[in-house]
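Student: The sequence and its predicted three-dimensional model are supplied below.
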Amino acid sequence: MSDLVLAAFAAETGGHVVEEPRERRFERFRREFDEAAFRSTLAARRLRFVGRSEAGYPSLLRELHDPPPGLFLRGLGAAELFGQPGVAIVGARACSSYGSQVARLLGRELAAAGLVVVSGLARGIDGEAHRGALEAGGPTVAVLGCGVDRDYPAAHAQLAARIGEQGLVVSEYAPGVEPAPWRFPARNRIIAGLAAATVVVEARERSGALITADFALEGGREVFAVPGEITSALSAGTNALVRLGATPLTSPEDVLEALGVVAVSAPEPELGETPARVLEALAREPSGIDGLIRETGLDAAAVATALAELELVGAVAEADGLYRGARPQG
């Protein structure tokens, strides 16, 4: 039986279908289903489908107890991308500026080391992880909880287009399927299933990111959690994961070491005395411009010039008026 007929039937009925339904409605649908025409329609929209019985189907995904019958693909990336080692980076939609910067750093550093960054295209941590991977020129995979033809959220349409240029946007749901709350936990199992390791950056106590971590643990995959402030609600979920045995993540090298990947060290930027002084202060703690003036003894113009230079070389990042080092500290 065709894997595609199951995916098409799920779209027709609005259900979650991973095995052949034992009902007359499905038998009628299967008899009338024209696979060649369906695939032709997909091709006309620059979409593809790789079935569970096909060679291009991700081998890690087959290890799930309920792997999808297939994945719909959008983008220029080849299905062989699934054969490369991948890491899922997930977390809160309404993340902190710190969480945003950490997710972007991890996406950038892990993609630069050759890993495929997998996430869910959502606002917050997911989007920043994808952006970091794109900055490194690496492939990234976005997994949707709706039809593969949808950009969800719509605000990430441009990001989805950039992902499609270097990687893939994928879904188990056929074109036209609307997003629904129950589809996102199902989507999360695919995020975890495509990756050898999952990193949770920030998560509240009942965050969907914790569902992804649960799926990863069930599959015997590595799970990392970025520890956070004990007073922050955004750290409640990640700190709980650490308490339950997840590996605390302190640098991208933690993931690379666990997966047996050797990082290629990027050359350190050559900095003048003033930018180096400002960067040293930021290595101790994040700060605003006024704090840097007090910490370094430099005047406002010198600090502003140094920060501009550091931002240009990717050594610092700013959010909400607070500057942080944008590279892991060894």
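Tutor: Now that the structure is in, tell me what you want to look at.

Student: Every contact and neighbour count from this point should use C-alpha atoms.
Tutor: OK.

Student: What strands flank the helix or strand bottoming out on mean pLDDT in the chain, and is each parallel or antiparallel?
Tutor: Using mean pLDDT, DSSP states H and E, strand 316-319 stands out as the lowest-scoring helix or strand of the chain, at a mean of 76. Paired strands of strand 316-319, with direction, are strand 322-325 (antiparallel) (DSSP bridges).

Student: Go through the partner strand and flag the buried ones.
Tutor: For strand 322-325, the neighbour count (16 or more other Cα atoms under 10 Å) marks Tyr323, Arg324, Gly325 as buried.

Student: Hmm, the last one is touching Ala283, no?
Tutor: Yes: taking Cα atoms under 8 Å as the contact criterion, Gly325 and Ala283 are neighbours in contact, 6.2 Å apart.

Student: For Gly15, the count of nearby residues, please.
Tutor: Using other Cα atoms under 10 Å, Gly15 has 12 other residues around it.

Student: Which other helices and strands does the helix or strand Ala160 falls within contact?
Tutor: Using DSSP states H and E, Ala160 falls within helix 157-166. If contacts are counted by 3 or more Cα pairs under 8 Å, 6 or more residues apart in numbering; DSSP states H and E, helix 157-166 sits against helix 125-135, strand 140-143.

Student: who are the neighbours in contact with the spatially most central residue of the chain?
Tutor: Most central in the chain under Cα atoms, centre = their mean is Ser119, positioned 2.2 Å from the mean C-alpha point. When contacts are counted by Cα atoms under 8 Å, 6 or more residues apart in numbering, Ser119 touches Ala88, Ile89, Val90, Asp126, Gly127, Ala129, His130, Thr140, Val141, Ala142, Val143, Ile191.

Student: Same question for Leu81.
Tutor: Counting by Cα under 8 Å, 6+ apart, Leu81 touches Val116, Gly167.

Student: Next: Thr140.
Tutor: Residues near Thr140 by Cα under 8 Å, 6+ apart: Ala111, Val116, Val117, Val118, Ser119, His130, Ala133, Leu134, Ile163, Gln166, Gly167, Leu168.

Student: Test my guess that the first one contacts Ala133.
Tutor: This means Ala111. Yes: applying Cα under 8 Å, one finds Ala111 in contact with Ala133, separated by 5.2 Å.

Student: ok, those two, which is more surrounded?
Tutor: Taking other Cα under 10 Å, Ala111 and Ala133 do not tie; Ala133 has more neighbours (30 against 26).

Student: Quick check: that one touching Ala113?
Tutor: No: counting by Cα under 8 Å, Ala133 sits too far from Ala113 to count as a contact (10.2 Å).

Student: Neighbours of Ala43, how many?
Tutor: 12.

Student: quick one, strands of the stretch 151-300 of the chain?
Tutor: According to DSSP state E, counting those that start in this stretch, the stretch 151-300 of the chain carries its strands in the segments 168-171, 197-200, 222-225, 247-248.

Student: picking that back up, quickly name whichever of the buried residues of strand 322-325 is closest to Val255.
Tutor: Nearest to Val255 among the buried residues of strand 322-325 is Gly325, at 19.9 Å by Cα to Cα.

Student: hmm, back to that, now the strands of the stretch 151-300 of the chain as TSV including distance to Pro68?
Tutor: Shown next, in TSV, are those (distance: least, Cα to Cα, whole Å):
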stretch	distance to Pro68
strand 168-171	9
strand 197-200	19
strand 222-225	22
strand 247-248	29
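
Student: out of those strands, nearest to Pro185?
Tutor: Pro185 lies closest, by Cα to Cα, to one member of those: strand 168-171, at 12.8 Å.

Student: list the contacts for Gly147?
Tutor: Ser171, Glu172, Tyr173, Ala174, Pro175, Gly176, Val177, Glu178, Pro179.

Student: in what helix or strand does it lie?
Tutor: Using DSSP H and E, Gly147 falls outside every helix and strand.

Student: quick one: it from Ala300, how far?
Tutor: Between Gly147 and Ala300 the distance is 51 Å, computed by Cα to Cα, to the nearest Å.

Student: Noted, bye for now.
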